[in-house]
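K.L.:
missing the sequence, but the structure's below:
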């Protein structure tokens with residue numbers, strides 16, 4: 001395969017193989033176990049996300065139930081998601097912010113991603129520090145970078161930014177320097193043959 005035939009870097013793989021329905025896809029994942037474990041925590045059904053991932057099943061849990069859901073995913077015998085790989089957020093502007101928890105089970109070698117959508121006018125969710133102590137610094141970072149408040153967090157001090165910087169959130173799309181930062185990176189490229 002010549003370099004001209006290679007797919008462009010960054011193009012996502014086909015999400016749905018020909019003829020594969022969402023039900024077929026979910027049957028190849030741990031959705032049945034996750035759905036059974038989470039079935040009793042909320043009056044609102046937990047849903048598997050339509051968005052597919054290479055290694056993770058993506059599950060959406062309502063904000064008021066997310067900590068209970070995370071606790072169940074960690075303690076359920078057949079799942080045992082004992083490792084919080086990452087906790088971050090995605091700014092969806094007017095739609096709100098998704099808080100994203102990437103979980104791993106060292107016993108079953110499975111991955112799951114939990115997303116919880118916070119409305120733009122109420123960026124608050126319970127802290128996951130009672131489930132994983134490692135959530136402490138992740139939540140502090142998300143609080144500073146996105147403005148999400150984690151109710152009950154044991155140590156909400158700033159982690160990365162100056163303490164007086166409480167009204168600017170650098171990873172939000174509305175950040176005052178976001179446009180400049182994008183423009184600064186536009187001219188960056190490798191010369192042919194440098195790779």
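P.N.:
Okay, I see it. Quick caveat, the model's predicted, so the values are computed rather than measured.

K.L.:
I'd like the mean pLDDT over the host helix or strand of residue 68, please.
P.N.:
If you go by DSSP states H and E, residue 68 is part of helix 66-75. Along helix 66-75, the predicted confidence averages to a pLDDT of 95.

K.L.:
Repeat that for stretch 128-141.
P.N.:
The predicted confidence, averaged over stretch 128-141, sits at 96.

K.L.:
Give me the angle between the longest helix along the chain and helix 66-75.
P.N.:
Criterion DSSP state H: the longest helix present in the chain is helix 135-146. Angle, helix 135-146 to helix 66-75, by axes from the mean of the first three to the mean of the last three CA atoms, to 10 degrees: 140 degrees.

K.L.:
Next secondary structure after helix 135-146?
P.N.:
Counting by DSSP H and E, what follows helix 135-146 is strand 149-151.

K.L.:
Check which residues of that following strand are buried.
P.N.:
For strand 149-151, a neighbour-count test (16 or more other CB atoms under 10 Å) marks residue 150 as buried. Quick note: C-beta positions are derived from backbone N, CA and C, even for glycine.

K.L.:
helices or strands up against it?
P.N.:
Contact partners of strand 149-151 among helices and strands, from 3 or more CB pairs under 8 Å, 6 or more residues apart in numbering; DSSP states H and E: strand 124-126, helix 135-146.
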